[in-house]
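In: Build the 3D model from these lines:
(chains A and B)
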Amino acid sequence: MENTNGKKPPLLEVRNLHTAFKTDKGEVRAVNGVSYVLEEGHSLGIVGESGSGKSVSAYSIMQILDSNGHITEGQILFKGEDITHYSQKQMQEFRGKHCAMIFQDPMTSLNPVYTVGNQITEAIRIHSDKSKEEAKANAIKMLEMVGINDAERRMKQYPHELSGGMRQRVMIAMALVMEPSILIADEPTTALDVTIQAQILELMLDLQKKLNMAIIIVTHDLGVIAQMSDEIVVMYGGRICERGTAEDIFYNPCHEYTKGLLRSIPSTSNMKKKLVPIAGTPINLLNMPKGCAFCSRCDSAMKICLTQVPDELRIDKTHLASCWMNVKNGTYMKEEA
Amino acid sequence: MSSENLIEVKDLQMYFPIRTGFMKTTMLKAVDGVNFSIKPGETLGLVGESGCGKTTVGRTLLRLYKPTGGEIYYDGNLITDKNMLQYRPKMQMVFQDPYSSLDPRMTVEEIIGEPLDVHHLYSNKKERREKILDLMELVGLNAEHATRYVHEFSGGQRQRIGIARALAVEPKFIVCDEAVSALDVSIQAQVINMFEELQEKLGVAYLFIAHDLLVVRHISNRIAVMYLGRVVETADADELSDSPIHPYTQSLLSAVPIPDPKIAKSSKRIILEGDVPSPLKMPSGCAFRTRCRYATEKCAQECPKLTDRGGGHMVACWNK
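Out: Here you go, the predicted structure:
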């Protein structure tokens, strides 16, 4: 992406990120050269199936990978500064203050033996020098902001006393106490019912406007992605297939995988028709093909797909796709160091 | 009793005793007066939020639980008190989790062969083997998979094994309890298509239990919506999706994220306040009244019954 000197650098830029895990069966390269840009106040959706590397790419930003995982290559630039070389202490500062994360399962990410109030005030007191009383007042304000009524009483409750939707609200309140500029949401509503999901998504969009924060939402649900994101990154086998605005991806998909994904979900337009599934099964990350990761499941695969990984091709100003099918229509994207 | 319905459920009740204190139990009314029917070769979708009793309906229907009250008919025969062994070959189930519903110590051949053994559906070893291979082909598994164990398969393939096991006895009716929910989208489409193809080929009827409304709409002829143990609305799949009448159905449908950015960002959602009440402390009258925009005094006093609003569109609501 263009990053001309003198211009304000984007809020977050991920450049050619590689993340790998050492396992008994060999090195699993979960993320292989992922790049994207997140602008202030925007929301970016990362969509893909299980094992596509979508969560790992998000965990890499926060550097909360399992102990056998590490970033092997690439840069993560926060306001132009590479954070991959940050020390533990610097990272702790970054997490929470600048970038916060919420997870899929709010029960396992809250501590069951501390009250909600205790956990939120802890987050505040770690990152600021507020007194206990100030922190408490701040926490109550935050709980009210995420739509929890009777916040003062809730402060004294334990996570098991709250419903799933309520817990996710607490998680969001905790993530946002320091008003970070980025919120990473990893499948934030997958464990919730649709009516509660609608509440939480609405809340996130509302808070985004209020706090002018950028959101990275990681999910497999194309419906959630469509509702939440300005820009979308589609991942498969640890690589980006396609990225662009939500409209680019949904109305003009240019990668065979994206096309297949959109054909395979029931939507209002294909109710009476048969779904067109993607044949085969997701790839094994231990045994990555030499060429395009998707080629074994792709109906349009050509000879070149087997041997060569396609570069990112620019379809138009906002839209990029890594598929050999587009070579005629697109021009090569120029890598800028 | 008309026997044009394959399955008929009348006023089904399933209560579970829950210990709520020392020497004290409260009845959890998981299913409280559910009525529906399924014709041969038809798919009835059953939707609702978690805890609404949809899975319990499916399990009670197959008498995996002994119902507290009500009647279940299979092909005109009351089966509520019958020995189920003779009905098992006709009614089967596919479970949500293909990881825990298959025995890890059995090969695929043993898993699919077990129902054949139990119901003595073959005359010799060769026939048994042939039947198993036919079933595997039917669900898209290769013959070489027969000697493998479950852990060697992906989620989608495991679900296929579960389906082959259910089909082994040539049932007329299958309860699919969240059968595609645990699968990735691309695999989900494969399995949905397979369910549809099997229905065309074999004429089985499904009770398709799921929380994904778009999937349910795609696969079902009719849909029933449950809220806290009761059916609140049932209608033809398109009719229900396009013109829902019950306020709960309306908000449930509006909450579904549509995979289309223009529609998703512009559509007006009816956001329900609060959470589903605990089934141990059910509100009086209509269970939905605590979250309903239209609730009146009458809703608190009396529970509305399903009434026909034309063309088989049944709704249980006083105000709509």
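In: and the residue nearest to residue B:167 when sequence neighbours are not counted, what is it in contact with?
Out: Residue nearest to residue B:167 in three dimensions, not counting chain neighbours: residue B:135, with 5.9 Å by C-beta to C-beta, 6 or more residues apart in numbering or on different chains. C-beta here means a position set from N, CA and C on the backbone, and glycine is covered the same way. If a contact means C-beta atoms under 8 Å, 6 or more residues apart in numbering or on different chains, then residue B:135 has B:112, B:164, B:167-168 as its contacts.
In: if you set the cut-off to 10 Å instead, what comes out?
Out: Contacts for residue B:135 (C-beta atoms under 10 Å, 6 or more residues apart in numbering or on different chains) come out as B:108, B:112-113, B:116, B:141, B:160-161, B:163-168, B:170.
In: what do you get for residue A:125?
Out: Taking C-beta under 10 Å, 6+ apart, one finds A:131-132, A:134-136, A:138-139, A:177 in contact with residue A:125.
In: Repeat that for residue A:99.
Out: Residue A:99 is in contact with A:11-12, A:61-62, A:78, A:83, A:91, A:175, A:178, A:180-184, A:213-214, A:216, counting by C-beta under 10 Å, 6+ apart.
In: Residue B:122 reaches residue B:169, doesn't it?
Out: No. At 11.4 Å, residue B:122 does not count as touching residue B:169 under the criterion of C-beta atoms under 10 Å.
In: Overlap of the contact sets of those two?
Out: residue B:116.
In: count of residues packed around residue A:271?
Out: As a burial measure, residue A:271 scores 13 neighbours (other C-beta atoms under 10 Å in any protein chain shown).
In: Am I right that it falls within a helix?
Out: No. Under the criterion used here (DSSP: H, G, I helix; E, B strand; the rest coil), residue A:271 is coil, not part of a helix.
In: what does the model give it for pLDDT?
Out: The model reports residue A:271 with a pLDDT of 74.
In: just residue B:8 next, same as before
Out: Residue B:8 carries a pLDDT value of 94.
In: One more: residue A:313?
Out: 88.
In: That one bridge partners, please.
Out: residue A:321, residue A:332 (DSSP bridges).
In: isn't it right up against residue A:320?
Out: Yes. Proximity of residue A:313 to residue A:320 meets the contact threshold set by C-beta under 10 Å, at 6.7 Å.
In: So these two - more neighbours on which side?
Out: Taking other C-beta under 10 Å, residue A:313 and residue A:320 do not tie; residue A:320 has more neighbours (26 against 23).
In: Any chance of the contacts of residue B:135 in CSV with pLDDT, distance to residue A:280 and secondary structure as columns?
Out: Listed next are those as CSV, based on pLDDT from 0 to 100; distance: C-beta to C-beta, whole Å; DSSP: H, G, I helix; E, B strand; the rest coil:
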residue, pLDDT, distance to residue A:280, secondary structure
B:108, 94, 19, helix
B:112, 95, 23, helix
B:113, 94, 27, helix
B:116, 94, 30, helix
B:141, 88, 14, coil
B:160, 90, 13, helix
B:161, 93, 17, helix
B:163, 92, 18, helix
B:164, 93, 19, helix
B:165, 94, 23, helix
B:166, 94, 24, helix
B:167, 92, 23, helix
B:168, 93, 26, coil
B:170, 91, 29, coil
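In: List buried residues within the residues you listed.
Out: Among the contacts of residue B:135, the ones that count as buried by 16 or more other C-beta atoms under 10 Å in any protein chain shown are B:108, B:112-113, B:116, B:141, B:160-161, B:163-168.
In: which of the residues in whichever helix or strand residue B:10 is part of are buried?
Out: Under the criterion DSSP states H and E, the helix or strand holding residue B:10 is strand B:7-21. Residues of strand B:7-21 classed as buried by neighbour count (16+ other C-beta under 10 Å): B:7-10, B:12-15.
In: Equivalent analysis for stretch A:63-70, please.
Out: Residues of stretch A:63-70 classed as buried: A:63, A:65, A:69 (neighbour count, 16+ other C-beta under 10 Å).
In: First-to-last residue distance for that stretch?
Out: The first residue of stretch A:63-70 is 8 Å away from its last residue (C-alpha to C-alpha, to the nearest Å).
In: From the chain's centroid, how far away is it?
Out: Stretch A:63-70 sits 17 Å away from the centroid of its parent chain (C-alpha atoms, centre = their mean, to the nearest Å).
In: which other residues reach that stretch?
Out: With C-beta under 10 Å, 6+ apart, stretch A:63-70 has contacts from A:18-24, A:27-28, A:30-31, A:56, A:58-60, A:71, A:76, A:83-84, A:86, A:88, A:91-92, A:94-95, A:101.
In: And for stretch B:105-115?
Out: B:88-89, B:92, B:102-103, B:117, B:121-122, B:128-129, B:131-133, B:135-136, B:139, B:141, B:143, B:145-150, B:152-153, B:157-158, B:160-171.
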